[in-house]
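Novice: make a model of this:
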Amino acid sequence: MRRDADTVELPRQVALALRGDRPMGPLDLSRPDVPLRARETSVVDGTGAGAALEFLRRTDLLLEWLARESVPVLRSGGFGVRELKRAAKAADTDEPTAALILEVLYAADLVGATESVTPEWLPTTTWDVWGTGPEESRWAVLAQAWLELPRLPGLVGRRDETGKPITALSDGPRRPPAARDRRRVLDALADLAPGTSVGSPEDLARLLAWHAPRRGGRLRDETVGWTVAEATAIGVVALDALTTAGRVLLDPALRPDRRTPPGTPPSWPPHCTRRCPPRWRRSCCRPT
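Specialist: Now for the predicted structure:
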């Protein structure tokens with residue numbers, strides 16, 4: 001049946017015949033055979049610690065640059081493309097990492113827009129307190145903010161449906177399921193033995209797709225790659241394996257050892273200290 005000059009509608013019987021007995025394509029019920037690589041946990045943790053310190057250094061550089069410069073808020077509420085290039089240069093990094101740092105800083109309430117006639121992006125007063133803390137607690141605040149981020153920094157720089165570039169801190173990268181999907185990727189790494197990594201993000205994406213083929217949407221495989229890359233930049237993942245700090249980050253309750261005798265004083269995780277400001281204590285310093 002003809003619908004218009006370019007479209008015809010076929011009878012249902014023809015459509016079924018063309019699709020065959022497997023309209024969804026071949027189904028493989030066996031678990032994908034992905035390559036695994038085991039490394040010393042100390043090597044993974046050492047590499048992750050170096051990445052974490054480097055992420056903190058770049059974060060400090062970007063905050064100091066924002067405090068000096070006047071970066072206007074776009075009409076759409078985002079961070080301009082040219083300003084992002086300047087921020088990347090100031091932070092001694094590339095634009096995707098600069099966008100990631102901005103998104104994390106905003107989520108951690110360390111950067112915000114001023115309430116003026118011509119609003120600007122500036123560090124918040126929280127920066128004054130956060131900047132004086134020990135490196136362990138400062139990193140924990142950033143890592144927790146990234147883990148719970150309902151946005152996809154990897155979308156920054158792409159084009160939206162109207163053809164306009166997606167900018168950092170705008171509504172473009174907002175994806176409410178992002179935190180859930182991010183944790184799912186990290187949980188898959190956490191299921192492996194300490195120091196063990198999957199061959200590549202593509203292999204990890206195949207494994208996750210096999211476990212939940214209908215979860216993740218059209219950005220499912222790309223989200224896996226973005227998560228691994230971001231986690232590596234922050235120090236949660238190193239050499240494609242989850243670090244010890246990353247495992248602590250994923251366990252919000254830090255479940256106590258049931259063999260510990262009652263009345264034993266709480267022990268504090270290695271990534272944190274008891275000097276954390278009280279407002280951060282619930283997110284980065286949970287005793288075991």
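Novice: can you give me the helices for the protein?
Specialist: 12-19, 41-68, 81-90, 95-107, 126-130, 135-147, 178-190, 201-211, 220-234, 244-250, 278-284 (DSSP state H).
Novice: out of those helices, which one sits most buried?
Specialist: Ranked by mean neighbour count, the helices of the chain are led by helix 95-107 with a mean of 23 (mean count of other Cβ atoms under 10 Å). Just so you know, the C-beta spots here come from the backbone N, C-alpha and C atoms, and that holds for glycine as well.
Novice: what's near enough to touch the most far-flung residue of the chain relative to its centre?
Specialist: Most distant from the centre of the chain: residue 1, at 49.1 Å, with distances by Cα atoms, centre = their mean. By Cβ atoms under 8 Å, 6 or more residues apart in numbering, residue 1 lies in contact with 8-9.
Novice: circling back: now the helices of the chain in a markdown table, with mean pLDDT?
Specialist: Converted to a markdown table, these look like this (pLDDT from 0 to 100):
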| stretch | mean pLDDT |
| --- | --- |
| helix 12-19 | 78 |
| helix 41-68 | 97 |
| helix 81-90 | 97 |
| helix 95-107 | 98 |
| helix 126-130 | 94 |
| helix 135-147 | 96 |
| helix 178-190 | 96 |
| helix 201-211 | 91 |
| helix 220-234 | 96 |
| helix 244-250 | 94 |
| helix 278-284 | 37 |
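Novice: any chance of the ones you listed in JSON lines with distance to residue 154 as columns?
Specialist: Output for those, formatted as JSON lines (distance: least, Cβ to Cβ, whole Å):
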{"stretch": "helix 12-19", "distance to residue 154": "34"}
{"stretch": "helix 41-68", "distance to residue 154": "16"}
{"stretch": "helix 81-90", "distance to residue 154": "14"}
{"stretch": "helix 95-107", "distance to residue 154": "7"}
{"stretch": "helix 126-130", "distance to residue 154": "25"}
{"stretch": "helix 135-147", "distance to residue 154": "12"}
{"stretch": "helix 178-190", "distance to residue 154": "10"}
{"stretch": "helix 201-211", "distance to residue 154": "12"}
{"stretch": "helix 220-234", "distance to residue 154": "3"}
{"stretch": "helix 244-250", "distance to residue 154": "19"}
{"stretch": "helix 278-284", "distance to residue 154": "24"}
